[in-house]
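**Student:** My questions are about this predicted structure, shown below with the sequence.
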Amino acid sequence: MTTPAERSRWIRNFRPAPEAGMRLVCFPHAGGSASYYFPMATALSPEFDVYAVQYPGRQDRHSEPFVESIAELADQVVAELQPVLDAPVALFGHSMGAVLAFEVAHRLEARGGRRPAVVFASGSRAPSRYGDEQDHKNDTDLIQVMRDLGGTDPRVLNNPDMLATFLPAFRNDYRALQAYRQAPTVAIGAPIVVLTATDDPKTSLTDARAWHEHTAGGGDVHTFTGGHFFLEKQPQRVIEVVTEALRATG
């Protein structure tokens, strides 16, 4: 039988778990790709069936044009997710992926009445806390942002040929985030579980907690150390938080 992942260029299912009662759809960070969630898929399978979204313009979709706004990307993802929605679904997003997961959840609830079981917002300010970064950054500045955030292999940043492969996606996504705006009154019904690092240079604890202004479903806040990419520093604890929250939805 063909799986939803096999029918779409947008969806990856690295560790299929067809008997699982819950599907978790994961959204990568700015410049990221679906393969970032391979370790999470491995850790959660077979209890949960993990899918990762592959944005255009990277890895096996490198020849496709980028999507230049969060709103347009959310619209396209919602259309591609339809085959996955025949079972209970939760959403997980890190950094840019968190606001994208929120926008997807909002569209699913508003247009189709499909409420995700839970939305995980990781490494990100709340949607209404974006919009304050208006400065245009050239490529040199963007490379420094990548260094400051971590999460990119230093060998990539120091190799012009490799950097030329990775930088365009980050440039596109960074500018999409700079242009992103959302009103404080826009909310979803699904609970939001927040994961944030106390030493994240891009997200204060106050801005992370503000996620709960965007839901009627409540949710917890879990703090970590390890900077913006704490998922790589404390993977086991992240998996424990996700597992506990997903089990609680059953």
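**Tutor:** Noted; the coordinates are in hand. Residues are numbered from 1 along each chain as shown.

**Student:** all helices for this protein, in order.
**Tutor:** In the chain, the segments counted as helices under DSSP state H are 38-44, 70-81, 96-112, 139-149, 154-157, 160-178, 205-209, 230-233, 235-248.

**Student:** Lowest average pLDDT across those helices?
**Tutor:** Lowest mean pLDDT within the helices of the chain: helix 154-157, at a mean of 68.

**Student:** Need the distance between the two termini of stretch 8-20.
**Tutor:** 20 Å (CA to CA, to the nearest Å).

**Student:** Identify, out of the helices of the chain, the most deeply packed stretch.
**Tutor:** Of all these, helix 96-112 carries the top mean neighbour count, a mean of 23, counting by mean count of other CB atoms under 10 Å. For glycine as for every other residue, the C-beta is placed from the backbone atoms N, C-alpha and C.

**Student:** In PDB, list the C-alpha atoms belonging to that helix.
**Tutor:** Once side chains and other backbone atoms are set aside, the C-alpha atoms of helix 96-112 remain, and they are given as PDB (Å, rounded to 0.1, in the frame of the first residue of the first chain):
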ATOM      1  CA  MET A  96      10.800  29.000  11.900                       C
ATOM      2  CA  GLY A  97       9.100  25.600  11.900                       C
ATOM      3  CA  ALA A  98       7.200  26.500  15.100                       C
ATOM      4  CA  VAL A  99       5.400  29.500  13.600                       C
ATOM      5  CA  LEU A 100       4.800  27.400  10.500                       C
ATOM      6  CA  ALA A 101       3.300  24.600  12.600                       C
ATOM      7  CA  PHE A 102       1.100  27.200  14.300                       C
ATOM      8  CA  GLU A 103      -0.100  28.600  10.900                       C
ATOM      9  CA  VAL A 104      -0.800  25.100   9.600                       C
ATOM     10  CA  ALA A 105      -2.800  24.300  12.800                       C
ATOM     11  CA  HIS A 106      -4.700  27.500  12.400                       C
ATOM     12  CA  ARG A 107      -5.600  26.700   8.800                       C
ATOM     13  CA  LEU A 108      -6.600  23.100   9.600                       C
ATOM     14  CA  GLU A 109      -8.900  24.300  12.400                       C
ATOM     15  CA  ALA A 110     -10.400  27.200  10.500                       C
ATOM     16  CA  ARG A 111     -10.900  25.600   7.100                       C
ATOM     17  CA  GLY A 112     -11.400  21.900   7.800                       C
END
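
**Student:** Okay then, goodbye and thanks.
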